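Colleague: Kindly return the folded structure for what I paste below:
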Amino acid sequence: MSRAHVALGSNLSSPRIQIARAFDALEALPGTRLLARSSLYLSAPISEIPQPDYVNAAALLETSLSPLDLLDALFAIEACFGRVRSLPNAPRTLDLDLLLYDDRFLSDDRLKIPHPRMHERLFVLLPLLEIDPDCEIPGIGRAADLIGALGNQTIAKVTPC
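Modeller: Just a heads-up that it's a prediction; the model follows:
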């Protein structure tokens, strides 16, 4: 079994409800157990496209799925939630990003692990640290040590629905 960290985000169609339902969908994946789920966080979008704020969270999974099989499963969940991949950084009902898979590196056309921008995003790191305080990003360092460089970003913890 492997450990995988997944970032969740939504800014359309009742985002808090979307994230709560997404946690349930992750827990229902074959050969997978949801070990931890973070609180919900509100953050401004990183986009030139006008859109609502995001609700973000993180999940820690134990899974027998390979990284690419897990990626396919995450895309299938997104599709069930009505995710349409139109423009980069467009509003979305659900975004699931595979951040880490054990301490592995992977780089191909479909998937890069660790996620290439995760260490630049406070809305990824804070929920991640909540569920895995000792989290190491391979090739980058301890997630807790990276927070200080992101002082220009703001997020706020929100109550679940």
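Colleague: burial of the residue lying closest to Cys80 once chain neighbours are set aside, as a residue count?
Modeller: Of all residues beyond its chain neighbours, the one nearest Cys80 is Ala25 (7.2 Å), with distances taken as C-beta to C-beta, 6 or more residues apart in numbering. C-beta: built from backbone N, CA, C; applies to glycine. The local packing of Ala25 (other C-beta atoms under 10 Å) involves 18 other residues.
Colleague: what's the answer for Ile147, then?
Modeller: Quick note: Ile147 (other C-beta under 10 Å) scores 15 neighbours.
Colleague: does Tyr101 have beta-bridge partners, and which?
Modeller: Ala4 (DSSP bridges).
Colleague: could you measure it against Ile137, distance?
Modeller: 12 Å (C-beta to C-beta, to the nearest Å).
Colleague: packing partners for whichever strand or helix holds the residue nearest to Cys80?
Modeller: Under the criterion of DSSP states H and E, Ala25 resides in helix 15-27. Applying 3 or more C-beta pairs under 8 Å, 6 or more residues apart in numbering; DSSP states H and E, one finds that helix 15-27 contacts strand 2-10, strand 32-37, strand 54-63, helix 67-80.
Colleague: and with 6 Å instead?
Modeller: The elements that helix 15-27 packs onto, with contact taken as 3 or more C-beta pairs under 6 Å, 6 or more residues apart in numbering; DSSP states H and E, are strand 2-10, strand 32-37, strand 54-63.
Colleague: For the shortest one, which residues meet the burial criterion?
Modeller: Think strand 32-37. Under the neighbour-count criterion of 16 or more other C-beta atoms under 10 Å, strand 32-37 has Thr32, Leu34, Arg37 buried.
Colleague: so can I have CSV of these showing distance to Ala57 and pLDDT?
Modeller: Output for the buried residues of strand 32-37, formatted as CSV (distance: C-beta to C-beta, whole Å; pLDDT from 0 to 100):
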residue, distance to Ala57, pLDDT
Thr32, 17, 98
Leu34, 12, 98
Arg37, 7, 97
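Colleague: Quick check: of those residues, which lies closest to Asp109?
Modeller: Thr32 (24.2 Å; C-beta to C-beta).
Colleague: now that closest one: how far from Val6?
Modeller: From Thr32 to Val6 the distance is 10 Å (C-beta to C-beta).
Colleague: repeat for Leu129
Modeller: For Leu129, the distance to Val6 - C-beta to C-beta - is 15 Å.
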